[in-house]
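Undergrad: give me a 3D structure for the following:
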Amino acid sequence: MPSRNHLDKVGRKKKKKWTEEAMERALIEVKSGRCTVRQAAKEFGVPKSSLGDRVSGRVTPGSRSGPARLITSADEKLLVEFSLHMSKHGFPLTKQQVVSFASSIYKRQHRRVALSKLGQTWWLNFRKRQEKNITIQPADNVVRGRTICVRKEAVDQFFRLLGTVVDTHGLREFPRRIYNCSEMGYQLGRRKAAVSKAASLGYKPTPSSRDHISVLACFNAAGEDIPPFIIYSRAYPGGGCYKTQGPPNALYGWSESGYINSELFKKWFLKHFLFQAPKERPLLLIFDGHKWPVSLEVVESARKEGVVLLCLPPHCSHILQPLDTGLFAVLKQHFALLTGNGAAAEGHFAITKKEFSGVFNRTYQLATSEEGVRIVREGFRKCGVFPLNHYAVNEVHLMPSHDAGPAAGDSLLKSAPAAELTAAGPS
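TA: Numbering: from 1, shown residues only. Okay, here's the model as predicted:
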């Protein structure tokens, strides 16, 4: 791959010494018959060959020199706006994510082209063109690693973002428009059976005998739910009974791991959340976008449909995620009682994939009951999400502030100062 220094040398070597304005004036003189191509090129200081190409029509006047851009200037401008929008809402984009989003734009324009991903050359040129709009900043090492406590800067930044969003969109008095979605997992296994001692010697369950199933639940601050999204590992269970036995209007999917991923989240948001959510707008959806990065289609649809996406800071779900602080623990306890597991040690439940949706349906009824609504509301209050209360978070969980270094949650892409953004556009 070409290095940045190599590209800089090539750029300096091939940098043109004439302006488009001079070329346009020379072209007018030639077309009016007052000058020849040679005379106009000498008078206005433009290359004779380039002027001749425009006179003959081989090159369209006003077109840029060099190879054609892989994505248009208009789409690149949208990509920059998208990056800044994501950074302001707690979704700082990495280099890999920007390149991935640009590749998606390119593939939409060139569906028959085999190119699957833009490369290092595109990224370096993009950085150079947009250096006035975006700035690159290394992520904090504390953010990358798992930490026992939560950075105070991360929590402060989240509440600043939340306060700005709530006030900008007038959501402070509308709990029905503030949603949180989160994922809870269930490890399934075989039922224990009483066998003779001889038969049990040396017996070990195979790894394939256990399946993982996760559920994406979504509630608003008023305690109202979006029907759950049940995700199976590796494949759906045989037969279609899992759909008829599950919670009403639930959505189903599968992944190799049994956890949600970017594609499944896109399916849930576009085909389920937007359909089931109330028609009032705007809506606020808070979730942990670090586990399953949002796709370009999700962000575009959210902005079009009046849904504001807000990302939680890393490793803060146990104190900032309303559903994690109360409802999920109650649901797992109830699920364990229904499966006869008691406390369900280590989160393992002795039922099969086919049986899961029926048992979970009975469990989920607790979430939609009067008691479940109270627990959900209490979770939003306990996290300080609604009513908005920064001081609701227990400082025992927070690490002390650091004078040096970037705040947790800072990104590789951060917005430039407002004065520069106002005056600058894609070059």
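Undergrad: I'd like to know how far the spatially most central residue of the chain sits from Glu263.
TA: Centroid check for the chain by CA atoms, centre = their mean gives Val294 as the closest residue, at 2.5 Å. Using CB to CB, to the nearest Å, Val294 is found at 11 Å from Glu263. (Each C-beta comes from the backbone N, C-alpha and C, glycine too.)
Undergrad: cool, Phe219 as well?
TA: 23 Å.
Undergrad: more crowded one of these two?
TA: Phe219 (26 against 12; other CB atoms under 10 Å).
Undergrad: where do the helices sit along the stretch 1-150 of the chain?
TA: For the stretch 1-150 of the chain, the helices defined by DSSP state H, counting those that start in this stretch cover 4-14, 20-32, 37-44, 48-56, 73-88, 95-109, 120-129, 141-144.
Undergrad: mind putting those helices into CSV with mean neighbour count, mean pLDDT and distance to Val298?
TA: Formatted as CSV, those follow (neighbours: other CB atoms under 10 Å; pLDDT from 0 to 100; distance: least, CB to CB, whole Å):
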stretch, mean neighbour count, mean pLDDT, distance to Val298
helix 4-14, 11, 54, 32
helix 20-32, 16, 88, 39
helix 37-44, 17, 90, 50
helix 48-56, 16, 87, 43
helix 73-88, 17, 78, 11
helix 95-109, 17, 78, 11
helix 120-129, 16, 85, 22
helix 141-144, 14, 40, 23
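Undergrad: got those helices as TSV, with distance to Thr339 columns?
TA: Shown next, in TSV, are the helices of the stretch 1-150 of the chain (distance: least, CB to CB, whole Å):
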stretch	distance to Thr339
helix 4-14	58
helix 20-32	72
helix 37-44	83
helix 48-56	76
helix 73-88	41
helix 95-109	40
helix 120-129	50
helix 141-144	38
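Undergrad: and of these, who's closest to Gly289?
TA: Of all the helices of the stretch 1-150 of the chain, it is helix 73-88 that lies closest to Gly289, at 8.9 Å by CB to CB.
Undergrad: got the angle between the closest one and helix 95-109?
TA: 140 degrees (axes from the mean of the first three to the mean of the last three CA atoms, to 10 degrees).
Undergrad: run the chain-centre distance for helix 73-88.
TA: Distance of helix 73-88 from its chain centroid, counting by CA atoms, centre = their mean, to the nearest Å, is 14 Å.
Undergrad: show me what it is packed against.
TA: helix 95-109, strand 134-136, helix 296-305, strand 413-415 (3 or more CB pairs under 8 Å, 6 or more residues apart in numbering; DSSP states H and E).
Undergrad: Cys383 against His318, yeah?
TA: No - using CB atoms under 8 Å, Cys383 is not in contact with His318; the gap is 9.9 Å.
Undergrad: overlap in contacts of the two?
TA: Thr325 (CB atoms under 8 Å, 6 or more residues apart in numbering).
Undergrad: okay, these two: which has more neighbours?
TA: Cys383 (25 against 11).
Undergrad: His212 versus the closest residue to Cys241 other than its chain neighbours, what's the distance?
TA: Excluding the flanking residues, the one nearest Cys241 by CB to CB, 6 or more residues apart in numbering is Lys354, at 6.7 Å. Distance of Lys354 to His212, given as CB to CB: 15 Å.
Undergrad: before we move on, what about Glu256?
TA: From Glu256 over to His212 (counting by CB to CB), the distance is 10 Å.
Undergrad: neighbour count winner among these two?
TA: Taking neighbours as other CB under 10 Å, Glu256 and His212 compare with His212 leading, 18 against 9.
Undergrad: adjacent strands (with direction) for the helix or strand harbouring the more buried one?
TA: For His212, the element it lies in under DSSP states H and E is strand 211-220. Strand 211-220 has its sheet partners listed here by DSSP bridges as strand 178-188 (antiparallel), strand 225-233 (antiparallel).
Undergrad: buried residues in that strand, which are they?
TA: Asp211, His212, Ile213, Ser214, Val215, Leu216, Ala217, Cys218, Phe219, Asn220 (16 or more other CB atoms under 10 Å).
Undergrad: the fifth one and Phe360 touch, don't they?
TA: Yes - under the criterion of CB under 8 Å, Val215 lies in contact with Phe360, with a separation of 6.9 Å.
Undergrad: quick one: Asn249 is in a helix?
TA: No - in this structure, Asn249 is coil, not part of a helix, as judged by DSSP: H, G, I helix; E, B strand; the rest coil.
Undergrad: and it, how many neighbours does it have?
TA: 11.
Undergrad: the closest residue to it other than its chain neighbours and Ala250, how far apart?
TA: Using CB to CB, 6+ apart and skipping the chain neighbours, the partner closest in space to Asn249 is Pro227 (4.1 Å). Per CB to CB, Pro227 is found 5 Å from Ala250.
Undergrad: tell me where the model's unsure across the protein.
TA: Within the chain, the ranges that satisfy pLDDT under 70 run 1-16, 62-69, 90-91, 109-117, 136-150, 190-210, 290-293, 341-348, 394-427.
Undergrad: which SS class is Phe275?
TA: With three-state DSSP as the criterion, Phe275 reads helix.
Undergrad: any idea how far it lies from Ala74?
TA: Taking CB to CB, one finds Phe275 at 31 Å from Ala74.
Undergrad: just Asn249 next, same as before
TA: 40 Å.
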